[in-house]
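# Sequence below, structure please.
(one chain, ligands or ions: 1)
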Amino acid sequence: MQTKILLSEDQMPRQWYNIIPDMPGQMFPVIHPGTLQPVTPDDLLPLFPMGLIEQEVSPQRWIDIPEEVLEVYKQWRPSPMYRAHQLEKALGTPAKIYYKYEGVSPAGSHKPNTAVPQAYYNKIFGTKRIASETGAGQWGSSIAMACQHFGLACTVYMVKVSYGQKPYRKSMMQLWGAEVFPSPSDRTNAGRAILAADPDNQGSLGIAISEAVEDAATHEDTRYSLGSVLNHVCLHQTIIGLEAKEQLKIAGDYPDVVIGCHGGGSNFAGIAFPFISDKANGKDVRVLAVEPASCPTLTKGVYEFDYGDTAKMAPIARMYTLGHDFMPPGIHAGGLRYHGAAPLVSQLVHEGVVETKAVHQIACFEAAVLFARTESIIPAPESSHAIRGAIDEALLAKEEGKEKTILFNLSGHGHVDMAAYDAYFNNELTDYEYPETAIKESLSHLPKVG
Ligand SMILES: *Cc1c(COP(=O)(O)O)cnc(C)c1O
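Numbers count the residues shown, from 1 in each chain. Predicted coordinates:
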C-alpha cells in the first residue's frame with residue numbers, strides 16, 4: 001500500500017496549462033474603473049510587467065516555465081501526493097482519497113507557485129520594487145520570499161488588525177527582507193484619507209489593495225502584485241494539477257471528483273484546470289469548489305461586472321461577486337474572505353462545468369481535526385474547506401456502497417494559524433448565517449457597465 005506518490009525533479013512539468021483557449025461560452029473584457037471602457041495593455045503597464053499582461057490574455061494553450069523559475073520551484077517541487085489511508089479507515093469508506101500537499105513550500109501554502117514567476121517577470125521587465133497587500137500574511141510572506149530570489153525590494157501593506165493579531169507572518173515577511181506597514185498607513189493618499197476620517201481604523205483587504213495599487217502607480221520603478229483571482233495567477237497554479245495527473249498515473253488511478261477550497265479561486269484553478277481540460281475531451285470527471293457559508297461568493301453571489309476592490313481603483317471584471325463593499329464576518333479562514341472570484345472560475349461555474357458548495361466553519365474544523373488525527377498534517381483553516389468537501393463525498397460513497405476516487409488539494413499547513421484551533425477547542429467559534437441583507441445591500445452598488 002503506497003502512501004506517498006513522489007515525482008523526481010526532472011519529472012516536474014516544464015509548461016503551465018493555459019485554459020483560455022479551451023474556455024466554454026463567452027469571455028468578457030476587463031473594464032477600466034475610471035473610463036468604464038475595456039482596459040488596454042497600456043492601462044495595465046503602470047501596475048504589471050508586460051510578461052504578465054501578455055499571459056493575462058494569452059491564446060496559447062501551453063506556456064513554458066522559465067528556467068530561472070524552475071530552479072526556484074525545485075526547492076520544494078514537485079510537491080507530494082498522498083493516499084489518505086488512515087482517513088479512509090477512520091471514515092470506513094469504500095472511496096479512495098488522494099490529496100496533493102502544497103504546504104511543503106517555504107511559506108507553507110500554494111501561493112509561492114505564482115509569487116516566484118511574478119517576481120521573475122518583474123525582474124526581467126526592469127522592476128526594482130514590488131508593492132502588495134496581505135490580509136493574514138500568507139500572500140505577503142510568499143511574495144517577500146520570491147522577491148529575495150530576484151533581487152527585488154518588497155513593500156507589503158498588511159491589514160492593521162492582522163498586523164497586531166498575527167505577528168508571526170509579519171516576522172516571516174521581514175525575515176525575507178520585505179518592509180511591512182500596517183494598513184491604513186500614512187504612506188498613501190488612500191491611507192491618509194481613511195486615517196483622517198477615522199484614526200483608529202483597523203483596515204480591510206480592500207483598503208490595503210488600494211494602498212498597494214497607489215504605491216505602484218505613483219512610482220516608476222514599482223509594480224503591483226496580486227496573489228489570486230487574475231488569469232496569470234490561475235495559470236501559474238496549474239503546476240499543481242499537472243503534477244497531480246502524473247502522480248495519479250503512477251498510482252494507476254483517475255479521480256471521479258476533484259476538490260479545492262475557494263477564496264479568490266487560484267488553488268482551486270490550479271488543481272482543477274488540467275482535469276477540466278480532460279473533461280472537455282470527454283473524460284467523466286466532476287470538479288467541485290468549496291467555499292465558506294459566511295462568504296458565499298459562488299453559491300449566493302451574482303455573475304456580474306464588479307470592482308476588484310473596495311476603493312474602486314482596481315479593474316472591473318465579470319465574475320461571481322457579493323458586491324465590492326461586502327464585509328464578510330471574521331471567520332478564521334482569512335484567505336477565503338474575498339467578495340469576488342477569479343473570472344475564469346466564475347465563467348466555468350456559469351457554464352455549469354464547475355460545481356460549488358458552501359460549508360460552515362465549525363464543520364470545517366471538525367474535518368480538520370479528524371484529518372490531523374489520522375493523516376497527521378495540521379491543515380490551514382482555508383484548506384479544511386476542501387477536506388470537508390472530500391469527507392462528505394467519501395461518506396456519500398459509503399452510504400451508497402460505491403467505490404469512488406476523490407482528489408483534493410491541501411493548499412497549506414496551519415502552523416501559523418494555531419490561534420484558530422485554540423478558538424475551536426475553546427468553543428469560541430460560531431457559524432454565521434448566510435448574511436442575506438448585507439449581500440443584498442452591497443449588490444445594489446455594482447457598477448453599470450455596457
Ligand atoms: C490564500 C489561501 C487560500 C485561498 O486562496 P485561493 O486563491 O482561493 O487559492 C487557500 N488556502 C491557503 C492555504 C491560502 O493561503
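
# Gln247 is in contact with Ser79, isn't it?
No. Contact criterion CB atoms under 8 Å: Gln247 and Ser79 do not qualify, at 9.4 Å. All C-beta atoms are positioned from the backbone trio N, CA, C, and that covers glycine.

# and for the two, which residues touch both?
Residues touching both Gln247 and Ser79 (CB atoms under 8 Å, 6 or more residues apart in numbering) are Lys100.

# ranges for the strands of the stretch 1-150 of the chain?
Ranges of strands in the stretch 1-150 of the chain, per DSSP state E, counting those that start in this stretch, are 4-5, 15-17, 62-64, 81-83, 96-101, 129-134.

# Which stretch among the ones you listed is buried most, on average?
For the strands of the stretch 1-150 of the chain, the largest average neighbour count (mean count of other CB atoms under 10 Å) is found in strand 129-134, namely a mean of 27.

# what does that one rub up against?
Taking CB under 8 Å, 6+ apart as the rule, strand 129-134 contacts 118-119, 122, 139-141, 143, 147, 152-159, 162, 169, 173, 183, 205, 208-209, 211-213, 215-216, 219, 221-227.

# Sort out which of these are buried, if you could.
Buried by 16 or more other CB atoms under 10 Å: 118-119, 122, 139-141, 143, 147, 152, 154-159, 162, 169, 173, 183, 205, 208-209, 211-213, 215-216, 222-227, out of those.

# shaky segments in the protein?
Filtered on pLDDT under 70, the chain yields the residue ranges 450.

# most centrally placed residue in it?
Ser266 (3.9 Å; CA atoms, centre = their mean).

# any idea what the residue nearest to it when sequence neighbours are not counted is structurally, helix, strand or coil?
Distance criterion CB to CB, 6 or more residues apart in numbering; nearest residue to Ser266, sequence neighbours excluded, is Ser228 at 4.2 Å. What DSSP: H, G, I helix; E, B strand; the rest coil gives for Ser228 is coil.

# tell me, how many neighbours does Ser228 end up with?
Ser228 has 24 neighbours, counted by other CB atoms under 10 Å.

# Flag every residue of the stretch 51-200 of the chain that's near the ligand.
Ser109, Lys111, Gln138 (CB under 6 Å from any ligand atom).

# Around the residue nearest to the first one when sequence neighbours are not counted, how many other residues sit close by?
I take that to be Ser109. Nearest residue to Ser109 in three dimensions, chain neighbours excluded: Gly412, at 3.2 Å (CB to CB, 6+ apart). When counting by other CB under 10 Å, one arrives at 27 neighbours for Gly412.

# Quick check: the closest residue to Arg129 other than its chain neighbours vs Lys123, distance?
For Arg129, ignoring the flanking residues on the chain, the nearest one in space by CB to CB, 6+ apart is Ala153 at 4.0 Å. As for Ala153, its distance to Lys123 is 12 Å (criterion: CB to CB, to the nearest Å).

# go on, Gln37?
31 Å.

# more crowded one of those two?
Neighbours per residue, other CB under 10 Å: of Gln37 and Lys123, the larger number sits with Lys123, 20 against 11.

# need the contact list for that one.
Per CB under 8 Å, 6+ apart, neighbours of Lys123: Phe150, Gly151, Leu152.

# Could you do Thr321 as well?
Here Thr321 is in contact with Thr297, Gly301, Val302, Glu304, Asp306, His339, Gly340, Ala341, Leu443, Leu446 (criterion: CB under 8 Å, 6+ apart).

# List only those of those flagged as buried.
Thr297, Gly301, Glu304, Asp306, His339, Gly340, Ala341, Leu443, Leu446.

# Could you pick out the residues of the stretch 301-450 of the chain near the ligand for me?
Proximity of the stretch 301-450 of the chain to the ligand, by CB under 6 Å from any ligand atom, involves residues Gly335, Leu336, Ala380, Glu382, Ser383, Ser411, Gly412.

# That concludes my questions; thank you for your assistance.
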